[in-house]
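> only geometry, no sequence info:
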DNA sequence: TATAAATTCTATAAAAATAGTAGAATTAAA
DNA sequence: TTTAATTCTACTATTTTTATAGAATTTATA
């Protein structure tokens, strides 16, 4: 399941994607429109900025805007940025690989290969969903 | 990501699936073989029992055994039993449906349909992985 | 019938993650 | 200089996760 944070991030990106090109959105407006606690959203937008998905303008008349076009931002990107690995276990992850502490010998693990199959299919599905494709619906 | 509990459950089921038919396994043996804290495993086996995946025999010479054959137990079943919904949001779930508290109007939600697509594909993949298919590898 | 060895049940607790808040500092337009 | 926005750091409350503890119950068998 997605965390609230990830869901809010998606809703914020959807909001930004629906604005006119070159429009700069205030945190307050996004928060009200998408029903997100404003102070929480501030943190999320900063995370999105660090993830190079949005840009910001400071000061009066400042705010946030998309850095990439909506069809370049996939659900997989957002998931990885906020909720981390897409795989079901770290040992089956491409971007967040880690050994399982309780695993005696990874090469003998019966689970790992199956979970990598799931990962591949889930990843493909998640890469097929973009901010643009969600807006179009 | 799977919780430790779900991973342990899978490992316990894999252990049981590899025993001779009619064999009854002691918690201690499963715990040692699969490297799972014994007291934690006890709880997990009880959960598996409540989920009708394993049966138990009490008293001396007691223990646990599979109630279903390995190819009737899918990764989707285990996930739902321990980690709940497979969908990324409750509003997109088949078995754990719930409204999002911050969602103003579900029918207007841009996220939901895309997440249902992901759910369908992930579910299909997870139903393709069974305890038996994992053991065979 | 007593003992040993297993499951079962209920409660508790420590640690980590999640969700959100507070407030001061900085930036830039008017 | 004022106003209104982002940015930064720290904190906190709640929930979930990951166990642990110990007593009660069940059943085989000596």
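Structure's in. What do you need? Nothing here was measured: the structure is a model prediction, and the numbers come from that model.
> surely residue A:109 meets residue A:91?
Yes: if you go by CB atoms under 8 Å, residue A:109 and residue A:91 touch, sitting 7.1 Å apart. C-beta here means a position set from N, CA and C on the backbone, and glycine is covered the same way.
> joint contacts of the two?
Common contacts of residue A:109 and residue A:91 (CB atoms under 8 Å, 6 or more residues apart in numbering or on different chains): A:100, A:103.
> ok so residue A:55 is a strand residue?
Yes: counting by DSSP: H, G, I helix; E, B strand; the rest coil, residue A:55 is part of a strand.
> look at the closest residue to it other than its chain neighbours and say how many residues are nearby.
Nearest non-adjacent residue to residue A:55, counting by CB to CB, 6 or more residues apart in numbering or on different chains: residue A:67, 4.7 Å away. Look at residue A:67: counted by other CB atoms under 10 Å in any protein chain shown, it has 16 neighbours.
> just the pLDDT for residue A:67.
Per-residue pLDDT puts residue A:67 at 98.
> ok, residue A:112 - contacts?
Contacts of residue A:112 (CB under 8 Å, 6+ apart): A:89, A:91-92, A:106.
> where does it land in three-state SS?
helix.
> state the distance from it to DNA strand D.
Residue A:112 is 18 Å from DNA strand D, where distance means CB to the nearest atom of the strand, to the nearest Å.
> rewinding a little: just the buried members of the contacts of residue A:112?
Buried members of those, scored by 16 or more other CB atoms under 10 Å in any protein chain shown, are A:89, A:91-92.
> of these, which is the nearest to DNA strand C?
For the buried ones among the contacts of residue A:112, the residue nearest DNA strand C by CB to the nearest atom of the strand is residue A:89; the value is 14.1 Å.
> thought the closest one was touching residue A:115?
Yes: with contact defined as CB under 8 Å, residue A:89 counts as touching residue A:115 (5.5 Å).
> right, is stretch A:14-32 up against DNA strand C?
No: if you take CB under 7 Å from any atom of the strand as the test, stretch A:14-32 misses DNA strand C, and the best it gets is 9.6 Å.
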